[in-house]
Each structure stands twice: as structure tokens, then as C-alpha cells.
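Engineer: Next one to model:
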Amino acid sequence: MRRLLLVLCALCLALTACGTSAPQYDLGALTTAVEQATGVSGITVSVEKVEGDYMRARATPPAELNTDEAIVFLKREAGAWMVLNYGTAFSPEDYARDNIPEALWLGN
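Structural biologist: This next block holds a predicted model:
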């Protein structure tokens, strides 16, 4: 048992040293930012992908609103995530206007 614990501790340290820690964000603050941008409260936000200071998230409205989920693009500015754009479909011009990294485009 002790040997297993030592192996697990060593593995955790090795992974941390390799920089494999998860991106840092406050889900409550993200939800607040999305709710303010959309004007809808009770949204559930899930992070799909982060690329540098940009993020793609999915915003799921409360069931009683009977509306589609939205994709939300955010950018980290001065440590806070700001909503750039949201919707259900985006054109190449939308991505270009907001400087969204190609790695975050839908389908990538």
C-alpha cells in the first residue's frame, strides 16, 4: 500500500512538472459574464476548449425557455474572461472580426 502511494505521488509530481495542469478559470465568473452578455439568467456554462487567452464554451439555457444552446467565444483580458460573440452558427468573417484562433472554430 505504501509503495502504491509513493508511486502515485511521484506520478502526480511528474505530471505537474510537465505542465499538464488544467487551465484556470472561475466557472461562476464565466456564467455571470455570459448571462450579462445574453440577458438570460439561469444559464449553465461548460468550457469546451481553451487556446491561449481565448475560450469556446457552450451555454445551455434553462429548459423552460425552450431555446437552443449557444456557443460562446470569450477572451481573457486583465485576468477576466470577456464575451466576444455568441450564437449557434458563425461565418469566417465572425471568426476574423473577433480574432478567434482557428483551433477554436466549430468543427475543429
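Engineer: Show the end-to-end separation of stretch 95-108, please.
Structural biologist: Taking C-alpha to C-alpha, to the nearest Å, stretch 95-108 runs 13 Å from one end to the other.
Engineer: List the contacts of that stretch.
Structural biologist: Contacts with stretch 95-108, where a contact means C-beta atoms under 8 Å, 6 or more residues apart in numbering, come from 49, 51-52, 54-56, 71, 73, 75, 84-85, 89-90, 94. The C-beta positions use only the backbone N, C-alpha and C, and glycine is treated the same way.
Engineer: Farthest pair within the residues you listed?
Structural biologist: 52 and 89 (23.8 Å; C-beta to C-beta).
Engineer: This structure: strands as residue ranges?
Structural biologist: Applying DSSP state E to the chain gives strands spanning 44-51, 54-60, 70-77, 80-87.
Engineer: What pairs with the third one, parallel or antiparallel?
Structural biologist: Taking DSSP bridges as the criterion, strand 70-77 forms sheet pairs with strand 54-60 (antiparallel), strand 80-87 (antiparallel).
Engineer: With respect to burial, which of those strands scores highest?
Structural biologist: Highest mean neighbour count among the strands paired with strand 70-77 (mean count of other C-beta atoms under 10 Å): strand 54-60, with a mean of 20.
Engineer: CA atoms of it as CSV?
Structural biologist: Extracted in CSV, the C-alpha atoms of strand 54-60 (Å, rounded to 0.1, in the frame of the first residue of the first chain):
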residue,chain,number,x,y,z
TYR,A,54,-9.3,32.6,-25.9
MET,A,55,-12.1,30.2,-25.0
ARG,A,56,-15.0,28.4,-26.6
ALA,A,57,-17.8,27.5,-24.2
ARG,A,58,-21.3,26.1,-24.5
ALA,A,59,-24.2,28.0,-22.9
THR,A,60,-27.3,25.9,-22.1
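Engineer: now it against strand 44-51, angle please.
Structural biologist: Orientation of strand 54-60 against strand 44-51 (axes from the mean of the first three to the mean of the last three C-alpha atoms, to 10 degrees) gives an angle of 160 degrees.
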